[in-house]
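Q: Generate coordinates for the sequence data below:
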Amino acid sequence: MRFKPIDRLKENEILAENIVNINNQILLKKDASMNSKNIERIKNMGFKSLYVKNPEEEVFLEEEVKDIIDPVIRKKAVFDMKECVDNFYSTISKQRQQLAYGDSGQALLDSLDKISTSLIDEILNSEELKISIMDIKSEGNYLYEHAINTSVLAIMLGAKLGYSTKDMRNIAIASMLLNIGYKNLEPTLYDHEGTLSDAQWLEMVQHPKFSFDILSNNTHFNAHIKSIVMQHHERLDGSGYPAGLMGSEIHPHAKLVMIADVYDAMTSDRPFRHAYPHHEVVEYIMGNAGTLFDFDLANMFSRCIILYPAGSYVLLSNGLKAVILRNHASHPLRPIVRTFKAGKIDSSSAGYIDLLETRNLTIQMLIYD
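A: Numbering: from 1, shown residues only. Alright, predicted model coming up:
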């Protein structure tokens, strides 16, 4: 199967994965044949991309594109997080109205602790600590879906680095709370189209501080979690916000979470742009490794991402179109492909190319048709 923007869909293409809402209810079943009515319906639900498949091509693929965790558990985590955060907001709002301040954060802590435990267990039991699939997000629940995805990516990197369960728990919970301060922003600010005004930017860069203050005033989350939340937009060279911290001034786990946060944000569809492909985002992260991001963390993270998932279409340097069949773990830029001939996969031996052996060919770009 392959990831495809909805505005590139063609009639009669086959849906590869169920499209579900935050309650895990199926909105459109996999294997559905896409038509103008279905496409318009999906757009109206706030989805910009999905996964499609061609049964005639699937038989050639040599590896499966799959999520690092069970998609049902991922959706449950999003639902549970939304519910506990909404309850938390409601509780602290009532306390302020009644001038009675209790331990409103305990329920939030307990709920996020359960969610983080389920995600950590899933990832530690995963066969391979790699990401080959983009989670399809809807505009209405983006903040919650982004929070869970960032948490999953951060746990994955923490597991790869041999972090303790305690450290992974702090990282997971912090990742879910990075943007809790958006509640104090103008509602449309985080998905604003075009360049922000100076006043809007000054407000936006305060959201980590808003998040930190909400947690400090209403919860008993530990200092590690609050530091990660406060510092996830800082950068090693001091160009980040809100405090312009540099290098060792930034909490080590915030350096990890910032990479996960950037990766998921850039590979997500937003109202003002489509998702960037895996390889382009990894290229951005590695291009800024040692400057914006910790070099060793960025390097390790890049090894966890399958740049060209099986089923993806690519354009080769000789002008031929090809489909990815399988990746080499140690050489992510040199997968095995099959070229197309007269609009169909070339099943002959000439169509089968291992780019690790055929050094005079490279992948030029990801394509969708």
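
Q: Helices along the chain, start to end?
A: 36-44, 55-58, 71-98, 105-124, 142-160, 165-177, 198-204, 207-218, 223-231, 252-266, 278-287, 295-302 (DSSP state H).

Q: Which one of these lies nearest to residue 321?
A: Smallest distance to residue 321 across these (C-beta to C-beta): 12.1 Å, for helix 55-58. Heads up, the C-betas are built off the backbone N, CA and C, glycines and all.

Q: Lowest average pLDDT across the helices of the chain?
A: Taking each of those in turn, the lowest mean pLDDT turns up on helix 198-204, with a mean of 82.

Q: Show me what it is packed up against.
A: Based on contacts counted as 3 or more C-beta pairs under 8 Å, 6 or more residues apart in numbering; DSSP states H and E, there is no element that helix 198-204 packs against.

Q: so what's residue 216 up against?
A: Residue 216 makes contact with residue 226 under the criterion C-beta atoms under 8 Å, 6 or more residues apart in numbering.

Q: Could you measure from it over to residue 318?
A: Going from residue 216 to residue 318 by C-beta to C-beta, to the nearest Å gives 58 Å.

Q: before we move on, back to that, quick one: which of the helices of the chain is nearest residue 25?
A: Per C-beta to C-beta, nearest to residue 25 of the helices of the chain: helix 71-98, 9.5 Å.

Q: Report the buried residues of that closest one.
A: For helix 71-98, a neighbour-count test (16 or more other C-beta atoms under 10 Å) marks 71, 73-82, 84-85, 88-89, 91-92 as buried.

Q: Tell me what angle that helix forms with helix 142-160.
A: Counting by axes from the mean of the first three to the mean of the last three C-alpha atoms, to 10 degrees, helix 71-98 lies at 120 degrees to helix 142-160.

Q: from here on, count from 683
A: OK, 683 is where the count begins now, so the last one is helix 753-780.

Q: which helices and strands does helix 753-780 pack with?
A: helix 787-806, helix 824-842, helix 889-900.

Q: Tell me how far residue 734 lies from residue 693.
A: Separation of residue 734 from residue 693 (C-beta to C-beta) stands at 12 Å.

Q: the more surrounded of the two?
A: More crowded of residue 734 and residue 693, by other C-beta atoms under 10 Å: residue 734, with 21 against 10.

Q: Could you look over the helices and strands packed on helix 753-780 and pick the most buried one?
A: Highest mean neighbour count among the helices and strands packed on helix 753-780 (mean count of other C-beta atoms under 10 Å): helix 824-842, with a mean of 24.

Q: Using PDB, write out the CA atom coordinates for that one.
A: Output in PDB follows, covering the C-alpha atoms of helix 824-842 (Å, rounded to 0.1, in the frame of the first residue of the first chain):
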ATOM      1  CA  TYR A 824      -5.100  17.000  15.100                       C
ATOM      2  CA  LEU A 825      -3.700  18.200  18.500                       C
ATOM      3  CA  TYR A 826      -4.600  15.000  20.300                       C
ATOM      4  CA  GLU A 827      -3.400  12.700  17.400                       C
ATOM      5  CA  HIS A 828      -0.200  14.700  17.200                       C
ATOM      6  CA  ALA A 829       0.400  14.300  20.900                       C
ATOM      7  CA  ILE A 830       0.000  10.500  20.800                       C
ATOM      8  CA  ASN A 831       2.200  10.200  17.700                       C
ATOM      9  CA  THR A 832       4.900  12.300  19.300                       C
ATOM     10  CA  SER A 833       4.700  10.200  22.400                       C
ATOM     11  CA  VAL A 834       5.000   7.000  20.300                       C
ATOM     12  CA  LEU A 835       8.000   8.300  18.400                       C
ATOM     13  CA  ALA A 836       9.700   9.600  21.500                       C
ATOM     14  CA  ILE A 837       9.200   6.200  23.300                       C
ATOM     15  CA  MET A 838      10.600   4.400  20.200                       C
ATOM     16  CA  LEU A 839      13.700   6.500  20.300                       C
ATOM     17  CA  GLY A 840      14.000   6.100  24.000                       C
ATOM     18  CA  ALA A 841      13.700   2.300  23.700                       C
ATOM     19  CA  LYS A 842      16.300   2.300  21.000                       C
END
